[in-house]
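Participant: sequence and computational prediction follow.
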There are 2 protein chains.
Amino acid sequence: MTKHNTLLVGDCLIHLANIETGSVDLVYLDPPFFSQTVWRSKTRDNTQEYSFNDKWESLQEYKAFLAERVQECKRVLKNTGSIFLQCDRTASHHLRLMLDELFGSENFQSEIIWNYRRWSNSKSGLLNTHQTIYFYSKSAVYKFNRIFTDYSPTTNIDQILQERERNEYGKVVYKRDTTGEVVQGKEKKGVPLSDVWDIPYLNPKANERTGYPTQKPILLLERLITIASDEEDLILDPFCGSGTSLVAAQLLNRRWLGIDVSNDAINLAQSRLNIPKRTSSRLLELGEAAYLNQNDKTRSILNSLDAIIVERNAGIDGFLKTHYLETPVAIKIQRASESLEEAQKKLLRACATKGCILKILIRTNPRRDLTLFESEFEDNNLIVLDSYDLIVGEWLNNPRLKATPPSDIAN
Amino acid sequence: MTKHNTLLVGDCLIHLANIETGSVDLVYLDPPFFSQTVWRSKTRDNTQEYSFNDKWESLQEYKAFLAERVQECKRVLKNTGSIFLQCDRTASHHLRLMLDELFGSENFQSEIIWNYRRWSNSKSGLLNTHQTIYFYSKSAVYKFNRIFTDYSPTTNIDQILQERERNEYGKVVYKRDTTGEVVQGKEKKGVPLSDVWDIPYLNPKANERTGYPTQKPILLLERLITIASDEEDLILDPFCGSGTSLVAAQLLNRRWLGIDVSNDAINLAQSRLNIPKRTSSRLLELGEAAYLNQNDKTRSILNSLDAIIVERNAGIDGFLKTHYLETPVAIKIQRASESLEEAQKKLLRACATKGCILKILIRTNPRRDLTLFESEFEDNNLIVLDSYDLIVGEWLNNPRLKATPPSDIAN
DNA sequence: TCCAGAGATGAATCCACCC
DNA sequence: GGGGTGGATTCATCTCTGG
């Protein structure tokens, strides 16, 4: 009997039959999605083509195929075990109905939404950027390890620090002691993990990419495995493909058992498992915030111009959505640390290769540093505008208004 | 027969029967979710308790109840119309199956995930922070207005600007003209809206909150209505509750028809529709402002002035955080529908009672309507500034620049 | 009406270059 | 030489067109 750290080629229904009842802690299933297409993709060096077939006679055939196999997965699960079934919107409702029948709707735990940004041609209709993972436990008592995430940056600090209670009407209010002082709360760990997961899609340029179609990012699997299993537990993936779930299990010190019908897939999984590596993603590690170069004010100004915001350029902060003489119109907002001259230089240099005729520079610093001549702006087709708060600030400092303080304030 | 801008009390099944076949452009349904509880909540001043019953004999009863009503919704929809059914994870799969049967799975357009952040004591398990909205059209030809969002911060500038083509080996490369210069691409609007929507849950302190249970944020409804209907279209909400969808419809110049079984709900909806309010969410402003309408632009301008935003005043949109002669400085942004004179009048009238000496009016409409004299501004201590896009727009229409189109475009 | 193939596209990487 | 900037690349979608 094979039980752990094994790769098996063939229909999982047959192999599952050989697995002992109640021996598995976590099942992860990434079955075909009923997309009615054959997925093909090549490795980057064109030496190998991978494919798998997701074409079916009918929805009935598809449902029956899966139900038979998921039933077996339930059998091999421990009573404290869980199953995670990943699917897309195509057949998700049918699959959940199936899980309700097999596991009981009372054992439904979560509908996890994996949300990602994806490149695609513009679409009429909404761009589909999520997949669903259904999380069912085998019984009411199941393993679950809590994960906490950071507080949202907009969270009021009081919410984290202060204790709360219900007042006489049952409304939640901050707790105060007898002297009316707020009561400080206990240490908090953060926000419990939500069921919507923002995890970047596996990028075409990523080293992690194997060339196998529909490869999942390793972080997604790491999360599933972390929340629903402990070290040394046994993870089963009956449609393991390139083996991402097994690599994740290995890295997290879990035992694993992978099955796939494709010989190529199993060979690929084997080679990944020989050197299990967790490739790092700059985006994942640093977060989106690391790419944001602009502050709130800069972004507000660009927003009020309905501009396309550009973060990855030192000289250009954005573009108008309208072109001028069929060329883009670049915008730069002067930074607090920049003189107008510096800002102008950066903008012009950045524009040189972008073919912009018209450029807009928004001045945010006081006029003291005005060393440029009007003619220089015009020669460069550069419009210089003063920011609202610059103009308003000058008025406030140097009033040209017929203003007298109201008498009640003046005395 | 009632057709638009009407509120009806009673079972929607009965009222739907009186609605003409093929007369409605968009149906939004926020029915009970099969939560098997009675929802109750109180207004902030505790004067009124609202409740609605979501207890059912069985799932069958619930499904039959809804199917009957959704069938009627389908009948009253125009052929180019769409239906949006909101639900939570409890019964979403049953509801989608029902929609597949009634509308046909080929008319399934999107599974929209509304993701919100929420406070909760973490039970064991994942914190549920999403609801699902199923989007079905009545036929293959349906209204859809595209909305574009910002590019990811990781996107680089050349992707947005440059044209590409395939080279002799079939590889995608940047296009160059015969002289070796890169070829500029066409105007871009941004990235198409995805089907996962991060919209903050209604801030409990926002004045938008009415005390009605399960109230939805207005931004969510604005998006739905924007993408699937045009101005003057008829929006139907058969479970309208406190009327958020109707308020959104009103703000977007759509006609509306709301039905609810509760008298209290209808009274509340009526009072909200008398003075539609709108909350701005700081999270949305600073984060991924999804699309710009008039309100967004107003907010962006106020943000760039670091102003305090005022939502409930027709004459004043915000205040500077700095005072002038110890009095607040009021700001108003001219609306598309207002002449400068009207805007000025509203601002001055609103300021009369607030003791503002200095007022700022930001002009957003072309100068045609300029009928005021400088002296009138000065007499009133009023600063009038042109908005950036107004200035830029005038430059683009009436260039004073030494601009020559590139030779390849000119000939 | 449906399928194949070509074209368009943007997220997130890799990598060359430049001080 | 190394840290940062900007340009180049990959590839899975979606659209469109022709047969």
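Facilitator: In hand now; what should we look at?

Participant: show me the shaky parts of the stretch 51-200 of chain A.
Facilitator: Within the stretch 51-200 of chain A, the stretches with pLDDT under 70 are A:150-189.

Participant: which positions in it make contact with DNA strand C?
Facilitator: A:116-122, A:200 (CB under 7 Å from any atom of the strand). C-beta here means a position set from N, CA and C on the backbone, and glycine is covered the same way.

Participant: out of these, the closest to B:P192 would be?
Facilitator: A:S122 (4.9 Å; CB to CB).

Participant: just the buried members of the residues of the stretch 51-200 of chain A next to DNA strand C?
Facilitator: A:116-117, A:200 (16 or more other CB atoms under 10 Å in any protein chain shown).

Participant: A:Q71 sits in which helix or strand?
Facilitator: helix A:59-76 (DSSP states H and E).

Participant: ok, A:T298 next?
Facilitator: Here A:T298, judged by DSSP H and E, is contained in helix A:296-304.

Participant: helices and strands around that helix, which ones?
Facilitator: When contacts are defined as 3 or more CB pairs under 8 Å, 6 or more residues apart in numbering or on different chains; DSSP states H and E, helix A:296-304 packs onto strand A:308-309, strand A:330-333, helix B:282-286, helix B:294-304, helix B:388-397.

Participant: got the domain ranges for chain A?
Facilitator: A:6-147+A:193-283, A:149-191, A:292-410 (automatic domain parsing).

Participant: quick one: A:S41 and A:G211 touch, right?
Facilitator: Yes. Using CB atoms under 8 Å, A:S41 is in contact with A:G211, at 5.9 Å.

Participant: roughly how far does A:I225 sit from DNA strand D?
Facilitator: Distance, A:I225 to DNA strand D, using CB to the nearest atom of the strand, to the nearest Å: 24 Å.

Participant: let me see the contact set for that residue.
Facilitator: By CB atoms under 8 Å, 6 or more residues apart in numbering or on different chains, the contact set of A:I225 is A:26, A:28, A:235, A:245, A:248-249, A:252, A:254.

Participant: make TSV out of the residues you listed and add pLDDT and neighbour count.
Facilitator: Below are these laid out as TSV (pLDDT from 0 to 100; neighbours: other CB atoms under 10 Å in any protein chain shown):
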residue	pLDDT	neighbour count
A:L26	98	27
A:Y28	97	30
A:I235	97	26
A:S245	96	32
A:A248	94	27
A:A249	96	31
A:L252	95	18
A:R254	96	23
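
Participant: output those residues in JSON lines; the columns should cover distance to chain B.
Facilitator: JSON lines is the format used below for the contacts of A:I225 (distance: CB to the nearest CB, whole Å):
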{"residue": "A:L26", "distance to chain B": "15"}
{"residue": "A:Y28", "distance to chain B": "16"}
{"residue": "A:I235", "distance to chain B": "19"}
{"residue": "A:S245", "distance to chain B": "19"}
{"residue": "A:A248", "distance to chain B": "18"}
{"residue": "A:A249", "distance to chain B": "20"}
{"residue": "A:L252", "distance to chain B": "18"}
{"residue": "A:R254", "distance to chain B": "20"}
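
Participant: so which of the residues you listed belong to strands?
Facilitator: Among these, the members found in strands (DSSP state E) are A:26, A:28, A:235.

Participant: wait, which of the residues you listed is closest to B:I266?
Facilitator: Closest approach to B:I266 among the ones in strands among the contacts of A:I225 (CB to CB): A:Y28, at 48.6 Å.

Participant: beta-bridge partners for the closest one, please?
Facilitator: On DSSP bridges, the residues paired with A:Y28 through beta bridges are A:F84.

Participant: that one is in contact with A:S245, isn't it?
Facilitator: Yes. Contact criterion CB under 8 Å: A:Y28 and A:S245 qualify, at 4.9 Å.

Participant: wait, which of the domains of chain A is closest to B:S262?
Facilitator: Among the domains of chain A, domain A:149-191 sits nearest to B:S262 (CB to CB), with 21.3 Å.

Participant: contacting residues around A:K354?
Facilitator: Per CB under 8 Å, 6+ apart, neighbours of A:K354: A:316, A:328, A:330, B:157, B:161.

Participant: can you give me the distance of it to A:G315?
Facilitator: 9 Å (CB to CB, to the nearest Å).

Participant: contacting residues around the host helix or strand of A:R349?
Facilitator: Counting by DSSP H and E, the element that carries A:R349 is helix A:340-352. Residues outside helix A:340-352 that contact it (CB under 8 Å, 6+ apart): A:313-316, A:330, A:332, A:334-335, A:338, A:359, A:361, A:363, A:365, A:369-372, A:380, A:382, A:384.

Participant: nearest residue to A:P366 in space, ignoring adjacent ones along the chain?
Facilitator: Of all residues not flanking A:P366 in the chain, A:L390 sits nearest, at 7.0 Å (CB to CB, 6 or more residues apart in numbering or on different chains).

Participant: wait, doesn't the one you found sit right on A:N365?
Facilitator: Yes. Using CB under 8 Å, A:L390 is in contact with A:N365, at 7.4 Å.

Participant: just to revisit the earlier point, around the residue nearest to A:P366, how many other residues sit close by?
Facilitator: A:L390 has 17 neighbours, counted by other CB atoms under 10 Å in any protein chain shown.

Participant: got a list of what it touches?
Facilitator: So A:L390 contacts A:363-366 (CB under 8 Å, 6+ apart).

Participant: ok, it to chain B distance?
Facilitator: The gap separating A:L390 from chain B is 10 Å, by CB to the nearest CB, to the nearest Å.

Participant: just the pLDDT for that residue.
Facilitator: Turning to A:L390, the model gives it a pLDDT of 88.

Participant: next: the one 3 residues further on.
Facilitator: In this model, A:G393 is scored at 86, pLDDT.

Participant: count of neighbours near the closest residue to it other than its chain neighbours?
Facilitator: Counting by CB to CB, 6+ apart, the nearest residue to A:G393 once its immediate chain neighbours are dropped is A:P366, at 7.6 Å. By the criterion of other CB under 10 Å, A:P366 has 12 neighbours.

Participant: follow-up on the earlier one: distance to B:Y142 for the ones in strands among the contacts of A:I225 - can I get that in TSV?
Facilitator: TSV is the format used below for the ones in strands among the contacts of A:I225 (distance: CB to CB, whole Å):
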residue	distance to B:Y142
A:L26	42
A:Y28	37
A:I235	44
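
Participant: let me know the closest of those to DNA strand C.
Facilitator: A:Y28 (22.6 Å; CB to the nearest atom of the strand).

Participant: and the closest one, what does it touch?
Facilitator: A:83-84, A:86, A:221, A:224-225, A:235-237, A:245.

Participant: got a winner among the residues you listed for most neighbours?
Facilitator: Going by other CB under 10 Å, A:S245 tops the contacts of A:Y28 with 32 neighbours.

Participant: please look at that one and A:L221 and confirm they touch.
Facilitator: Yes. Counting by CB under 8 Å, A:S245 touches A:L221, with 4.7 Å between them.
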